[in-house]
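K.L.:
With the input below, show me the fold.
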Amino acid sequence: MVSGSPVPPKWLVIIPNGGASWYFWCIDFISDAIKNGDSIVVLDLREYSVRRNKLIFFKRFVTVLYRTNRVSDLVTNLSKLEKVIYLKPKDINWSQLRTIEYDKLNPESYRNGLDSEYFEELGARVLEDSQLDSTVLFTAKNVFNQVSAITQSVIELENITKVVVPGGRTLIPSACLSSAQNLGINCSILESAPAGDFGYSEYPSNFRSHFGLIQLEINRIWEKGDNSKFEIAELYLNNKLGRDFSKTFELNLVLDNLTTDNSVAVFPTSGFEFKSFGPTNSGEYGRNHQREMVKVFCQVAKENGFKVILRAHPPILGHEELSAMDDEEWAPFCFENKIMYLAPNSGVNSYELMKRTKLNAVYVSTAGIDSLILGCDTLILGNAEFAHLVPELCAFDIEAIRRRFDCINLKTEITKIYPYAFYSATLGKEISHASITSEGTILYEGKLVDAPRFRLFSWLRKRI
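P.N.:
As a prediction, the model looks like this:
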């Protein structure tokens, strides 16, 4: 190696127990890294789970017999690659692991991981230990601490320079990330992106609370794009409203008593997209900060004689039951602040509401993009992905909000958000060798994944 040349990164790719998407993302990421000449260490943590019982192990045993070309085998096959060091917990020297209570060393990561792991099945944010069964809590702490210790040990022994993990939110990915960050290691998260059946993208580890690096990436992608970027961006914006969830709402259910002279609307981001724990530093966003900014906006709007309507985030398809958590947060808030509340399942079309109000305020929601597409006056209360492109529409404190009410009618050219639209339209990497058939089955390299092996086991598995 020539003296002074950059040292290739040494990646630690951590594969926790999860769905097929996580596994395919990791496999594809590893393949690309090898092509780039990077060194790869794979830490296979699929045997770790916070949901352990005999029935799960029996189902896995039957699946091994019943299925062929299993997706789990595709992960294990990574051990056969020449340029990959493949490790499982049994390969770790447990006598050298630190006996540290990582849940206390990294309390925010632990509590956010616990919250993300269980809030959907609990139907509420996990803010207190008392909300979970003692056995569940005991298992969660043990898993978090063991995974943290293993991750730290591998990073130190293998001289890792970068860590990547899919998802990043739930307990085991949180343990991995916090251990790496304790050592000052650069971390990335693989998350879904609209590129093919298993499209994914690599994000900075703080992308759920800080858009700074994504904003830089938006600018970089736009600057290096060719002339087709204008057409791609325009097409994305032309099609965006048709893709939005509001299309499913009944168009005739609008608020007939609203006029653009007396009403403003707020479109908050759903609370479960934020972490529940951790301070909000300058330039960051989060659940508590959103609540503070919405409260200030409502205060200033009422001072100026406007009626305020808060439109809670409509239900996400497939996760409709989660909307109840937004009700718990915003219904009391609206009652306390004397503003009109439109629940997630209220049936009011968000676009019709935007067109009937004087000003539409968003925090970091892409509802702000929708408002701009509709030609409505828009106010951005949080540092959203696209906020840096339209700074004249941003108001991040009470004085800036007051100044905007002095001059509500503030239009901006839609072309200013073209960089965001181009970034969104081209976001993610498609996994070329994987696809989903019209029957819902998965093909990988032309072969059916998890294909049935014997009819006898098909009959047996249905009865488990």
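
K.L.:
The longest helix seen in the chain - contacts with which helices or strands?
P.N.:
In terms of residue count, the longest helix belonging to the chain (DSSP state H) is helix 134-158. Applying 3 or more Cβ pairs under 8 Å, 6 or more residues apart in numbering; DSSP states H and E, one finds that helix 134-158 contacts strand 10-16, strand 39-45, helix 102-105, helix 107-122, helix 171-182. From N, CA and C alone the C-beta is placed, and that goes for glycine too.

K.L.:
Which strands or helices does the next helix or strand after the last one pack on?
P.N.:
In the C-terminal direction, the helix or strand that comes right after helix 171-182 (DSSP states H and E) is strand 186-192. If you count contacts as 3+ Cβ pairs under 8 Å, 6+ apart, strand 186-192 packs onto helix 20-35, strand 162-166, helix 171-182, strand 200-204.

K.L.:
Strand 200-204 and the first one, what's the angle between them?
P.N.:
Orientation note: helix 20-35 sits at an angle of 70 degrees relative to strand 200-204 (axes from the mean of the first three to the mean of the last three Cα atoms, to 10 degrees).

K.L.:
hey, where'd the helices end up in the stretch 201-350 of the chain?
P.N.:
Using DSSP state H, counting those that start in this stretch, the helices found in the stretch 201-350 of the chain span residues 212-224, 228-243, 287-303, 323-336, 350-356.

K.L.:
can you redo those helices as CSV with mean neighbour count?
P.N.:
What follows is those, written out as CSV (neighbours: other Cβ atoms under 10 Å):
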stretch, mean neighbour count
helix 212-224, 15
helix 228-243, 15
helix 287-303, 19
helix 323-336, 16
helix 350-356, 20
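
K.L.:
Please tabulate the ones you listed in CSV, including the columns distance to Tyr444 and mean pLDDT.
P.N.:
Output for the helices of the stretch 201-350 of the chain, formatted as CSV (distance: least, Cβ to Cβ, whole Å; pLDDT from 0 to 100):
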stretch, distance to Tyr444, mean pLDDT
helix 212-224, 29, 96
helix 228-243, 28, 89
helix 287-303, 38, 95
helix 323-336, 35, 86
helix 350-356, 38, 90
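
K.L.:
any chance of these in CSV, plus distance to Leu374?
P.N.:
Formatted as CSV, the helices of the stretch 201-350 of the chain follow (distance: least, Cβ to Cβ, whole Å):
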stretch, distance to Leu374
helix 212-224, 22
helix 228-243, 8
helix 287-303, 20
helix 323-336, 23
helix 350-356, 6
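
K.L.:
These: which one's closest to Glu47?
P.N.:
Relative to Glu47, the nearest member of the helices of the stretch 201-350 of the chain by Cβ to Cβ is helix 323-336, separated by 31.6 Å.

K.L.:
Residues contacting the closest one, please?
P.N.:
The contact list for helix 323-336, computed with Cβ atoms under 8 Å, 6 or more residues apart in numbering, reads 119, 123-125, 268, 270-272, 291, 294-295, 310, 312-316, 340-341, 343-345.

K.L.:
now do stretch 420-427
P.N.:
193-195, 201, 217-218, 221-222, 225, 229, 232-237, 240, 369, 385-386, 389.

K.L.:
mean confidence score for it?
P.N.:
Stretch 420-427 carries an average pLDDT of 95.

K.L.:
CA atoms only for it, dumped as CSV, please.
P.N.:
Listed next in CSV are the C-alpha coordinates belonging to stretch 420-427 (Å, rounded to 0.1, in the frame of the first residue of the first chain):
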residue,chain,number,x,y,z
TYR,A,420,-35.8,17.0,-2.3
ALA,A,421,-38.2,15.5,-4.9
PHE,A,422,-35.3,14.2,-7.0
TYR,A,423,-33.6,12.7,-3.9
SER,A,424,-36.9,11.0,-2.9
ALA,A,425,-37.6,9.7,-6.5
THR,A,426,-34.1,8.1,-6.7
LEU,A,427,-33.8,7.1,-3.1
